[in-house]
Structures are given as C-alpha cells and as structure tokens.
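>>> A predicted structure for the sequence below; I have some questions about it.
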Amino acid sequence: MSNPSILILPGDGIGPEVMAEVRKIIDWFGAKRDLAFDVSEDLVGGAAYDKHGVPLADETMAKAQEVDAVLLGAVGGPKYDVLDFSVKPERGLLRLRKEMDLFANLRPAQCFDALADFSSLKKDVVAGLDIMIVRELTSGVYFGEPRGIFNEGNERVGINTQRYTESEIERVARAAFELAMRRNKKLCSMEKANVMESGILWREVVTRVGQDYPEVELSHMYADNGAMQLVRAPKQFDVIVTDNLFGDILSDCAAMLTGSLGMLPSASLGAPMENGRPKAMYEPVHGSAPDIAGQGKANPIACILSFAMALRYSFDQGDEATRLETAIEKVLADGVRTADLMGPEGGVPVSTSEMGDKIVAA
Ligand code: ATP
Ligand code: MG
C-alpha cells in the first residue's frame, strides 16, 4: 500500500518558517515511528501570485483534491494589499475551502498546564481546559441570499440572510457527533432558537441526528448564554457545534482562554472520500504575521498541533498525535518559550527553529 499523502502549502510571511518545523516532525515520524508520508509542496497566496499571477494555480487545486490531507501555513501580507480583490492571497484559501467543500471547521481550545498563568483568565478557570468547537463553515449568514446594500425609499438598507438547509445542518451535526464519540461523548449545540427560525430548524435537526448517537449526551444552549458560559466556566463543555457566524465569534472567544495565537491549530473537514477519510485541510489559526516574518520569532506550535490534528483525524493515528502533543507539553513545562509565550515569570528564550528541535528531541 502506498503511504498516506500530504500536500504542504507554506504560503506567505511566517507560513514557510513554521512549516519548516512541521517538516522536521514529519521526518521524525518517518524515521522513528515507521510512519512515512508522501509529502509534496506547492505555492499558495502571495507566493503563488508572484509566480503564477493567481493566488492558487489550477494544478495546485487539483492536487489538493487528490491528497489525503492539506497542510497550510498562512497567506497574505502588506505587499499584496494593493492587489485586486479577485487575486488577493486570501482568495487562494477561500478557493481551497470552497472547492473541497470543507463544511466543518474544528477549533480546539486546549490549555497546556505550563501556560495556564498566561491565559487571560484565572488559572483555575482554564487549567486543564480541553474543548473543541465545531463551526459550520460553508453556509449561514456569510453566504445566504439576498444580500447587498439596496435603496429603500430615500435611504439605503444593508441586508444579509441567515439561511440553513436541513442537509447543511445535518452534515455538520454528524461531524460533531462523530467527534464527540471519539472524545468524551458530550456535545452542546448552540443557536438562538428563541429568536431565529434557522435556530429552530438547527435545534430540531441536531436533535434528530442525535438519535443515531444515543451514547452522546446532547444539550442545547442559546449562543449568547454560550458566550457567557465559555468565559465563566469553560470546562463544562467538551464538543460545541454551532453555525458559521456564532462559530466565528465563539471560537475566537474560546481561543483567548488559552493564551497565544501562536498555540492554536485548526482543521477543516469535508465529506468522506473514496478511502473513507474526510477531505481535510489543517492550518494554524494565526495569519502570516508580517510584523515578525523572517526573524525566527514565530511560534511553530500552532502549525505543529495542526499536524497532530491531521494524524488524528485524517490518518487514524490518535496515539501518535497524543505522543506529539505530550512532547509539546514537556517542552513547555521545561520553560522553553518563543517570544510570544514569554511571560513575566521568564523562561528559556528560543527561536522558531530551536523550538522545533526541542519538540523533536522531546
Ligand atoms: P490575518 O488577517 O491573516 O488573520 P492578522 O494580521 O489578523 O492576520 P496574524 O497575522 O495572525 O493576524 O497576527 C496577529 C498578531 O499575532 C501579530 O502581532 C503577530 O506577530 C502575532 N502572531 C501571529 N502568529 C504568531 C505566531 N505563530 N508566533 C508568534 N506571534 C504570532
Ligand atoms: Mg485576523
């Protein structure tokens, strides 16, 4: 059997820097754990624009559709701000998401013990936190029609439409239940069924899908209360599933429970392919960070944790994912810190590449 395949798209800014550290990890798994991958690399974002005049070449798009998983660094930068909207680096990313139909966006918020002091919240609120937000990514108010700014009488009106079909809700709900089964069998669905029809349908469909997962403890919460509970007592949650707009807000809120942007991975999953694996793209939550690009300051952990998610969700290597996460935990416990993680208590300052080396060693 051939090795599982990965397409690496390092992109712009700190993307290539953090991805170089992921390559070290991938090489280690090949050499030490007999877990070899067929890795290819290509351009996306500004880097692709510089070479091809488009932020994602058709051949790259085709390759992304064929591989078992795509790993993406980051796209964009001030150099490309002047470009026309249609060729902006971000459009490369959007094209990948859209054409691969990646409807379930998984964003974990996990607090490593060594960084519990570093969070914006009190230590006892976040220590040991490990939750997962599943955000619907391809529908809802960001895409619903009608949309636009229209004339109405003698003034203008801005219109967006929250729209969800049953099948759109069902597929993301199913992804969330599957995830809950692999974790702690606890799922909370968030909407505003008290004021929105799409929320009423959302609750109904999620409840119906839940009948296929009797082992999962399902609860429902209004999204505004969910925001409050996330800040007040986030450890009451395990998996949260919600729509595109609420997910955007709630996942950013959850992200800040854990500390630095440099620590946050994500996965975007689509429908299962012929081999049973979901279409998948993994990327750090952070952007291209032009302010620190090229200086060896970037924290590679978000990108490395994204690869750990790939091990778990695309390659059925949950134990190896845990092995990698444990190594990161150990390095952090030893006080090793990139600049973004350096708190008042100090630590061992390291560069991007030194952080990668320490994790490989651990
Ligand atoms: P985007 O529009 O792509 O979301 P952004 O400008 O909003 O980009 P980032 O590029 O993520 O956001 O950067 C936000 C801030 O966080 C910057 O000051 C950046 O230096 C910092 N930052 C982001 N990622 C990292 C990282 N991996 N390590 C250290 N600092 C980071
Ligand atoms: Mg941003």
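Great, that's in hand. Ligands and ions are numbered 1, 2, ... in the order given.

>>> Around ligand 1, which positions in this structure sit nearby?
14, 76, 261-262, 286-289, 291-292, 298-299, 302, 340 (C-beta under 6 Å from any ligand atom). To be clear about C-beta, it is placed using only N, CA and C from the backbone, and glycine gets the same treatment.

>>> any chance of these in CSV, with pLDDT too?
Below are those laid out as CSV (pLDDT from 0 to 100):
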residue, pLDDT
14, 98
76, 97
261, 87
262, 92
286, 93
287, 94
288, 97
289, 97
291, 97
292, 98
298, 98
299, 97
302, 97
340, 93
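
>>> hey, where'd the strands end up in the stretch 251-362 of the chain?
With DSSP state E, counting those that start in this stretch as the criterion, the stretch 251-362 of the chain has strands at 265-272, 278-284, 336-337, 348-349.

>>> ditto for the stretch 101-250 of the chain
104-110, 130-136, 144-152, 155-161, 186-191, 217-222, 239-242.

>>> Of those strands, flag the one that's most buried.
strand 239-242 (a mean of 28; mean count of other C-beta atoms under 10 Å).

>>> neighbouring contacts of that strand?
131-136, 172-173, 176, 179-180, 183-184, 186-191, 206, 223, 226, 250 (C-beta atoms under 8 Å, 6 or more residues apart in numbering).

>>> what does stretch 337-356 give?
Stretch 337-356 is touched from outside by 14, 17-18, 20-21, 24-25, 115, 117-118, 259-263, 292, 296-301, 304, 331-332, 334-336, 358, with contacts defined as C-beta under 8 Å, 6+ apart.

>>> Emit the PyMOL select command for whichever of the residues you listed are buried.
Buried residues among those (16 or more other C-beta atoms under 10 Å), as a PyMOL selection:
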select buried, resi 14+17+18+20+21+25+115+118+259+260+261+262+263+292+296+297+298+299+300+301+304+331+332+336+358
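
>>> ok so, going back, which ones among the residues of the chain next to ligand 1 lie within helices?
residue 302 (DSSP state H).

>>> So which of the residues of the chain next to ligand 1 is the closest to residue 141?
Using C-beta to C-beta, residue 287 comes nearest to residue 141 of those, at 22.7 Å.

>>> nearest residue to that closest one other than its sequence neighbours?
residue 74 (5.2 Å; C-beta to C-beta, 6 or more residues apart in numbering).

>>> ok, that neighbour - contacts?
11-15, 18, 45, 283-284, 286-289.

>>> Buried ones among the residues you listed?
11-15, 18, 45, 283-284, 286-289.

>>> Deepest in the core, which of the strands of the stretch 251-362 of the chain is it.
For the strands of the stretch 251-362 of the chain, the highest mean count by mean count of other C-beta under 10 Å goes to strand 278-284, at a mean of 25.

>>> And the residues of the chain next to ligand 1, which is closest to ligand 1?
residue 287 (2.2 Å; C-beta to the nearest ligand atom).

>>> And residue 242, how far from ligand 1?
20 Å (C-beta to the nearest ligand atom, to the nearest Å).

>>> what about this structure, any weak spots by pLDDT?
For the chain, residues meeting the criterion pLDDT under 70 lie at 119-121.

>>> residue nearest the centroid of it?
Closest residue to the average C-alpha location of the chain: residue 266 at 1.7 Å, with C-alpha atoms, centre = their mean.

>>> Residue 286 is in contact with that one, correct?
No - checked against C-beta atoms under 8 Å, the pair residue 266 and residue 286 is beyond contact range at 9.9 Å.

>>> contacting residues for residue 67?
Taking C-beta under 8 Å, 6+ apart as the criterion, residue 67 is in contact with 5-7, 40.

>>> Output the buried ones among the contacts of residue 74 in JSON lines, with distance to residue 245 appended to each entry.
Shown next, in JSON lines, are the buried ones among the contacts of residue 74 (distance: C-beta to C-beta, whole Å):
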{"residue": "11", "distance to residue 245": "26"}
{"residue": "12", "distance to residue 245": "27"}
{"residue": "13", "distance to residue 245": "27"}
{"residue": "14", "distance to residue 245": "28"}
{"residue": "15", "distance to residue 245": "27"}
{"residue": "18", "distance to residue 245": "29"}
{"residue": "45", "distance to residue 245": "25"}
{"residue": "283", "distance to residue 245": "20"}
{"residue": "284", "distance to residue 245": "22"}
{"residue": "286", "distance to residue 245": "21"}
{"residue": "287", "distance to residue 245": "20"}
{"residue": "288", "distance to residue 245": "24"}
{"residue": "289", "distance to residue 245": "26"}
